[in-house]
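S.K.: Starting from these lines, generate the structure:
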Amino acid sequence: MSGGCTAAPSADRSSRGNYRVVALIVASTMIMEQIDATVLTTALPTIARDFREPVNALGLVLTAYLLAVAAFIPLSGRLADRFGARSVLRAAILVFMAGSLLCAFSTSAAQMGMARFVQGAGGAMMTPVGRIALLRVTRRQDLVSATAWLVTPALLGPMLGPPIGGLIVTHLDWRWIFYVNLPVGLAGIAAISLHIDNGRADAPGRADIPGFLICAAGLGTLLLGCESASQPGRLGQALLLLAVAGVMAGTYVRHAARRPDPLLDLTVLRDRSFRLSLIGGSLTRITQGAQPFLLPLMFQVGFGFSAAVSGAIMLATAVGSLVSKAIVSPVLRRLGFRRSLIVNGLLSSLCYGLAAAFRADWPVPLTMAVLTLAGFFMSFQFSVYNTVAYEGVEAARISRASSLYSTFQQLLLSLGICTASVAIQASMAVRGSATPHREDFAAALVAVALISLSAFFVNRRFAPDAGSAMSGHVPRAEQDRPK
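M.R.: Alright, predicted model coming up:
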């Protein structure tokens, strides 16, 4: 690539085949981080008994990880520009491993909360820096195939986390949840050292400390506010935190406008494809973030299924996600990005909305068939969003665009859980029930499906020839033009 990235000489060489290796390495590090974001959900009761503390005291363990990810993701692009993607990725995995070890040695909720914050700080760098490394070695015509790999971890990780945590807690000590990260992390560092170049930007820019502090405060209070909104009796606290987040957002916009090299460069939103992909993808990610939270609760609390049965059913979504990889490129060549996003977006929302009709007496194969289709269509949708976003982004601005995109991606996945919780609470309030039932989970599934369905209006605004250089699709107007 050209345009200010010192990795340019190796980009063409790598893109002739090595981009697949880089994509596989990046996907592997991402799935490790994604699994760890949710793996503790089924292990918390066991850990609470070991710590001799109530389960609700361990909410800090989950929140600390999300806060660290939200705070440190904006730094990823700047660090990759200054120190190189390979160096930052290796350092991120080392920090992640150190946090994992501290979690395993923890003896109280407070200790584990601090350890999870360290772990989240490392995990925050993996997704955006990994995407930067991949984009720098991939030609635009190979981008569809390359980015398809990166969707799988985002879909598989949240689904695999709870059943993996349940298996480890059932058959091993809960500390093995964190021990297994050590050999996986070492293997990742070795693979990164062998196959990923350490390209840096020619002009990485000065450190934006004020921007980092504003972003960390804004993103942190936004997540805490949304979490508070999902808890009964905490509406006042939630509104206060959300108001602070809004003030921080406005403060950052003014800060970024006055600075030539802000931490999160909002000027990349001027690119139409990037802006539409960010908005449409954000709406869809709320739905995707809610599913790993809603469906296991429906199966276990609403239907009375065991954790093992629930986990097995959820794997159907992962199967659909993997299968979709084979059809992304040929479908895009035939339909193009715009029509693919419109049609597939409707199908993915419909399938997740159909989950609201699940009943305990449904045949398990039928339930799994619906979830397989849901995973198939949702994985396809994110593959398309993640590719077309970078259609017009200059090589020198790839790291800035990736940081902004990854920040919104992580934020909206987290907000999906909060949105689902609020929908459940609202449904319970309407029914006058103190405990959730199947109807409440169904109402929440419909609510989040409608949110992703609203992306239809965003998808229609893509240009007919959006991404044509990457997909090989020729719009009908071009086909009918006289030669």
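S.K.: so who does the nearest residue to residue 399 once chain neighbours are set aside touch?
M.R.: With C-beta to C-beta, 6 or more residues apart in numbering as the criterion, residue 399 has its nearest non-adjacent residue at 3.8 Å, and that residue is residue 77. C-beta: built from backbone N, CA, C; applies to glycine. Residues near residue 77 by C-beta atoms under 8 Å, 6 or more residues apart in numbering: 128-129, 132, 399-400, 402-404.
S.K.: give me the element residue 215 is part of.
M.R.: helix 209-229 (DSSP states H and E).
S.K.: Report all helices and strands that that helix contacts.
M.R.: On a contact count with 3 or more C-beta pairs under 8 Å, 6 or more residues apart in numbering; DSSP states H and E, helix 209-229 meets helix 59-72, helix 235-258, helix 398-431.
S.K.: Report the rounded mean pLDDT for the strand or helix carrying residue 335.
M.R.: Secondary structure assignment for residue 335, by DSSP H and E: helix 328-354. Regarding helix 328-354, the rounded mean pLDDT is 87.
S.K.: Name the residues of it that are buried.
M.R.: 328-329, 331-332, 335-342, 344-349, 351-354 (16 or more other C-beta atoms under 10 Å).
S.K.: And for stretch 98-113?
M.R.: Buried-residue list, stretch 98-113, by 16+ other C-beta under 10 Å: 98-104, 106, 109, 112-113.
S.K.: So for that stretch, mean pLDDT?
M.R.: 86.
S.K.: what does stretch 192-210 give?
M.R.: Stretch 192-210 comes out at a mean pLDDT of 70.
S.K.: Give me the distance between the two termini of that stretch.
M.R.: Start-to-end span of stretch 192-210 (C-alpha to C-alpha, to the nearest Å) is 32 Å.
S.K.: Give me the contact list for the helix holding residue 215.
M.R.: 63, 66-67, 70-72, 74-75, 234-235, 237-242, 244-245, 248-249, 251-252, 255-256, 259, 262-264, 407, 411, 414-415, 418-419, 421-422.
S.K.: measure residue 468 to residue 391 for me?
M.R.: 9 Å (C-beta to C-beta, to the nearest Å).
S.K.: Which of the helices and strands packed on helix 209-229 sits closest to residue 312?
M.R.: Among the helices and strands packed on helix 209-229, helix 398-431 comes nearest to residue 312, with 21.6 Å by C-beta to C-beta.
S.K.: what does whichever helix or strand comes after that closest one contact?
M.R.: Counting by DSSP H and E, the next helix or strand C-terminal to helix 398-431 is helix 438-453. Residues outside helix 438-453 that contact it (C-beta under 8 Å, 6+ apart): 283-284, 286-288, 290-291, 294, 297-298, 301-303, 345-346, 348-350, 352-353, 355-360, 416, 419-420, 423-424, 426-428, 431, 433.
S.K.: ok, of these, which come out buried?
M.R.: For the contacts of helix 438-453, buried by 16+ other C-beta under 10 Å: 283-284, 286-288, 290-291, 294, 297-298, 301-303, 345-346, 348-349, 352-353, 355-356, 358, 416, 419-420, 423-424, 427-428.
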